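**Student:** Fold the following.
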Amino acid sequence: MRNIAYFILILLFTACDSSRIYEKNHDFVKRWWIATEQPQFNFEIPDNTRPYNLYCNVRNESVYPFANLYVTYHLLDSAGRELQQKLVTEFLFDKKTGKPLGKSGIGDIYDHRFLLLGNHSFPYSGRYSLRFEQFMRTDTLKGVLAVGVRVEKQPEID
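**Tutor:** Model (predicted):
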């Protein structure tokens, strides 16, 4: 009974998220991210006259061996043309203390949301893709459980 109540609460909180237009995560089944695995996410931009925020979601375990994560993202249009590419660095652990950053809801698992593009205007309405590749010194990143994308409408200023 307690699990059902917990599930209903989660469902209510996620259903009330009116700014989100897309959110999806890619789970790494073996609990590591291999450099050749480049998750790609396809989403629709319904209105190119308004700005959007694009985020990278990362879920990691506390056994992740580095403080930071280097990721290159590729933003593609519906024809597969690359509109933007950028290498970003995000910290999963505090540089000095080593304390995990992000939100933890389950033991040693942490969720992060990093802004990739804020107040971004798309050239036209339609389908776009965002592809990620990890850009660390090792081909296999142990302790990375998932990576994903969140696209939301930029809040209107009153």
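**Student:** Tally up the residues packed near the nearest residue to residue 42 once chain neighbours are set aside, please.
**Tutor:** Of all residues not flanking residue 42 in the chain, residue 129 sits nearest, at 5.0 Å (CB to CB, 6 or more residues apart in numbering). Every C-beta, even on glycine, is put in place using the N, C-alpha and C of the backbone. The number of residues packed near residue 129 is 17, by other CB atoms under 10 Å.
**Student:** now do residue 99
**Tutor:** Based on other CB under 10 Å, the number of other residues close to residue 99 is 9.
**Student:** and what of the one 4 residues further on?
**Tutor:** The burial count assigned to residue 103 is 11, neighbours taken as other CB under 10 Å.
**Student:** got it, and residue 76?
**Tutor:** 18.
**Student:** picking up where we left off before, wait, the residue nearest to residue 42 touches residue 41, no?
**Tutor:** Yes. Counting by CB atoms under 8 Å, residue 129 does reach residue 41; the two are 6.6 Å apart.
**Student:** beta partners for the residue nearest to residue 42?
**Tutor:** Per DSSP bridges, the residues bridged to residue 129 are residue 42, residue 76.
**Student:** ok, now residue 153?
**Tutor:** residue 52.
**Student:** Could you list the low-pLDDT ranges of the protein?
**Tutor:** For the chain, applying pLDDT under 70 flags the ranges 1-16, 157-158.
**Student:** Contacts for stretch 86-97 next, please.
**Tutor:** Outside stretch 86-97, the residues that touch it by CB atoms under 8 Å, 6 or more residues apart in numbering are 56, 58, 60, 64, 66-73, 99-102, 110, 112, 114, 116, 135.
**Student:** Nearest residue to residue 56 in space, please, no chain neighbours.
**Tutor:** Residue 56 sits nearest to residue 114 (CB to CB, 6+ apart), 4.8 Å away.
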